[in-house]
Structure formats: structure tokens, C-alpha cells
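A.B. asks: sequence and predicted structure are below.
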Amino acid sequence: MTNQSPVPVPVSVALIGFGLSGKYFHAPFLKVNPCYQITAVMQRHGEDSRAMFPQAALFRDFHELLRQANAELVIITTPNDTHFQLAMQALKAGKHVVVEKPVTLSTNEMAELMAYAEKNNQLLVPFHNRRFDSGFRTVQQMVQSSLIGEIVEAWLQFDRWRPQPRVHWRERALPGSGILYDLGPHLIDQALCLFGKPQAVTAYLGRQRPGAQVEDMFEIWLAYETLMVKLHAGMLVCDPTPRYLLRANGGAFVKYSDDPQEALLRQGHLPNNPYWGTEPPEAWGIMYKNPASAEAFPSLRGDYGLFYRQLYEAIRHQQKPPVTAMDGYHTIQLIELAMESHRSRQWLSLN
């Protein structure tokens, strides 16, 4: 008699939104994972979701989807200023909820969602997928293993060359738009994962491009007892800048290239091969033990699919989710403090 692994009971999913995030960062990983079954998609315009999920019911209205769709899990990938309202409605309909970053625009809204989810034993999970970048996973390994000693300075940067503002909600004068709400959650979450909550924060938010309606660059400094962390994002960066930089009492680590997954997803590739997210040696970071030494350090494999594999274990087997609601709260808290620091031109304590 052979022992056979139990067949997983798929989680039924309603995917809300099929724009950049829904189409490229969620749908491919759900499609190739047998632990999930997409039963419904809400797409305001067009029907291109049918090509990936022909069996799913297509809805134009969120309330109608909640009334009619068979779904345990609702994944919200709509514009930032809609997240709170949609997430609360999904929770009140008895669903587990995944929400694109930032989950809400304020800590007050986030606390309200968290209280409801906890009271009703539901999962509220921020989608902080950049935890699963190849570069970040490698930096995390570097920090946790103390390969270069105690970290005293860290730079986390997410820069682009986009000299002309786009006609897009992210770059219009709307609640939740601008680069701080767009790229800020990625960098803040990575810093919190690596080093925990800082003691104090200061920030500068700028508009560098002519015609920019919202902030298109930021620099945030996080102060710890023996460590300083710089977070930077900008739209006018055409020179090679490190994506990650660590300085420590036993050396340094620098990495320029970014994770390969987004480019592959935008090209239409599915994450269904064992080499997914693997970087070539020329993309690896460099570790220094002294100024004269430079050693290529192999990157760990990037895999956004880890998020959904861990989420399945949280839903079916009550394991810890890949990102906790409190992680999302702390990210939004630092966004609020960064905005207040910019207005007041001073360091702010997290105490």
C-alpha cells in the first residue's frame, strides 16, 4: 500500500481588476498553481481576462460579483483609493482578502479593516510581492547570515527613467497617487523585513519633472540605534545606481540589476518552469571583504509564486500568511510619517 499525498482542495478566487497588477503580478501565478481556481474576474472594460481564465465568470460590478460569485478569496488590484471600501465590503461578505499595496491610504482605515478581519477570523493580506525579488532575497540572506558583519548603512533604491509624466491615475492629483504610495510600500516593507521598525524617520518628497501633478521622487531616512537606512525612488534616474547597497563592519555588498520576473511577465511568460526567477551570473551582486576584494555573490531565485503557496497554507492549514496585516499597517504608518516629516522638515520619532 503506497502513501499518497492528499489532493489539495483548491481555493476559489475572485480577481478584482485586470490591469497591470492583476494581469501580470497575480493572474499568472494563480493560473499555474493547482491550489487555486479562478471562478470570477471583475474587469471594468474589455474581456482579455477570458484568454487566461475562460472558465471564470466575468463581472463589471463589484456588488454583483459578491452576490453571485463562488469565491472564498477576493484579490483586489484596483486603484489605491478604492482599496479600503472594496476590502471592507469583501470582508463583510465573509471572504478572505488580498489587497495590493498599499492596503489603505491611512492607518485609521487599516486598523478598521484589521479589527473586522480579526473579529471574524478572516485573513487580510497585503500583497508585498517585492519580498520575493531575487535581489531582496539575496540581501536578506546576506543580513541574516552576517557574512559581512554588522550592517551599519543600507540603501534600498527603486529608480526609473521616465522623463515625461504619464496620463495615468498614479500620476494624477488623486488620493493615493504619486511615487510614495506607488514604490514607497515596496522599499519600506523591505526595510522593515530586514531591520524591523526604526527609532525615527525623516523624508523629502519632490516633483522633479515639468508638468508633474504629484510627487515623482522621494528620499526617506530611517534611523536605528547603530544603523542608517536610505530609501530612494525617482523618475529621472538614467545613470546606473545600486538597487541594494549594504555597508558593514566586515565588508560591503552592492547589487545593480533588478529581479527578472517583471520583464518576463510583461512579455507573457508563465512562471511554470524550475528556472523561473533565476539570474544569470552577470546580474549577481558583488561582496567586498576589503577595498581590494570583489567577489560575485550568487543571487537566490526570485519567485512571486511563493506568496500564493504560503497563502494557501494560511487559508487551508492556519499557517502564518506570507505578509501579515500588521506588516501592512507598519508600512502605511511610515508613509504617513514620511509625509508629515516632509511638511514639518524634521525627524519624527516612532515612539
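C.D. replies: That came through fine.

A.B. asks: shouldn't residue 247 be within a strand?
C.D. replies: Yes - counting by DSSP: H, G, I helix; E, B strand; the rest coil, residue 247 is part of a strand.

A.B. asks: could you check the pLDDT of the spatially most central residue of the chain?
C.D. replies: Central residue of the chain (CA atoms, centre = their mean): residue 128, 2.6 Å from the mean position. You'll see residue 128 listed with a pLDDT of 98.

A.B. asks: wait, it touches residue 330, no?
C.D. replies: No - judged on CB atoms under 8 Å, residue 128 makes no contact with residue 330 at a distance of 10.9 Å. Placement of C-beta: from N, CA and C, glycine included.

A.B. asks: please, where are all the helices along the stretch 1-150 of the chain?
C.D. replies: Here the stretch 1-150 of the chain has its helices, by DSSP state H, counting those that start in this stretch, at 20, 27-31, 49-52, 62-68, 83-92, 107-119, 134-145.

A.B. asks: next: the stretch 201-350 of the chain.
C.D. replies: Using DSSP H, counting those that start in this stretch, the helices of the stretch 201-350 of the chain run over 261-266, 305-317, 325-344.

A.B. asks: make a markdown table out of these and add distance to residue 252 and mean pLDDT.
C.D. replies: As requested, those are exported to a markdown table (distance: least, CB to CB, whole Å; pLDDT from 0 to 100):
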| stretch | distance to residue 252 | mean pLDDT |
| --- | --- | --- |
| helix 261-266 | 26 | 96 |
| helix 305-317 | 28 | 98 |
| helix 325-344 | 25 | 98 |
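
A.B. asks: out of the ones you listed, nearest to residue 153?
C.D. replies: Among these, the nearest to residue 153 by CB to CB is helix 325-344 (18.6 Å).

A.B. asks: okay, the angle between that closest one and helix 107-119?
C.D. replies: 170 degrees (axes from the mean of the first three to the mean of the last three CA atoms, to 10 degrees).

A.B. asks: can you give the distance of helix 325-344 from its chain's centre?
C.D. replies: Counting by CA atoms, centre = their mean, to the nearest Å, helix 325-344 is centred 15 Å from the centre of its parent chain.

A.B. asks: okay, buried residues for it please.
C.D. replies: 325, 327-335, 337-339, 341-342 (16 or more other CB atoms under 10 Å).

A.B. asks: again with stretch 209-222
C.D. replies: Neighbour-count burial for stretch 209-222 [16+ other CB under 10 Å]: 209, 212, 214, 215, 216, 217, 218, 219, 220, 221, 222.

A.B. asks: among those, name the ones in strands.
C.D. replies: Mapping the buried residues of stretch 209-222 onto strands (DSSP state E) picks out 217, 218, 219, 220, 221, 222.

A.B. asks: the fifth one contacts residue 199, doesn't it?
C.D. replies: No - judged on CB under 8 Å, residue 221 makes no contact with residue 199 at a distance of 11.5 Å.

A.B. asks: contact partners for the closest residue to residue 285 other than its chain neighbours?
C.D. replies: Leaving aside its sequence neighbours, residue 285 sits nearest to residue 255 (CB to CB, 6 or more residues apart in numbering; 3.2 Å). Contact analysis of residue 255 by CB atoms under 8 Å, 6 or more residues apart in numbering lists 135, 138, 139, 242, 243, 244, 245, 284, 285, 286, 299.

A.B. asks: what bridges to residue 255?
C.D. replies: Per DSSP bridges, the residues bridged to residue 255 are residue 244.

A.B. asks: how near is it to residue 231?
C.D. replies: As for residue 255, its distance to residue 231 is 16 Å (criterion: CB to CB, to the nearest Å).

A.B. asks: and if you look at residue 72?
C.D. replies: Separation of residue 72 from residue 231 (CB to CB): 35 Å.

A.B. asks: those two: which is more packed in?
C.D. replies: residue 231 (25 against 19; other CB atoms under 10 Å).

A.B. asks: contacting residues for that one?
C.D. replies: With CB under 8 Å, 6+ apart, residue 231 has these contacts: 155, 156, 157, 184, 187, 188, 191, 218, 219, 220, 221, 222.

A.B. asks: count of residues packed around the fourth one?
C.D. replies: Meaning residue 184. 27.

A.B. asks: that one and residue 220, how far apart?
C.D. replies: 8 Å.

A.B. asks: residue 40 pairs with what?
C.D. replies: The partner residues for residue 40, given DSSP bridges, come to residue 14, residue 57.

A.B. asks: picking that back up, of all the helices of the stretch 1-150 of the chain, which lies closest to residue 163?
C.D. replies: With CB to CB, the closest approach to residue 163 among these belongs to helix 20: 20.2 Å.

A.B. asks: where does the stretch 151-300 of the chain dip in pLDDT?
C.D. replies: Counting by pLDDT under 70, the stretch 151-300 of the chain shows no low-confidence range.
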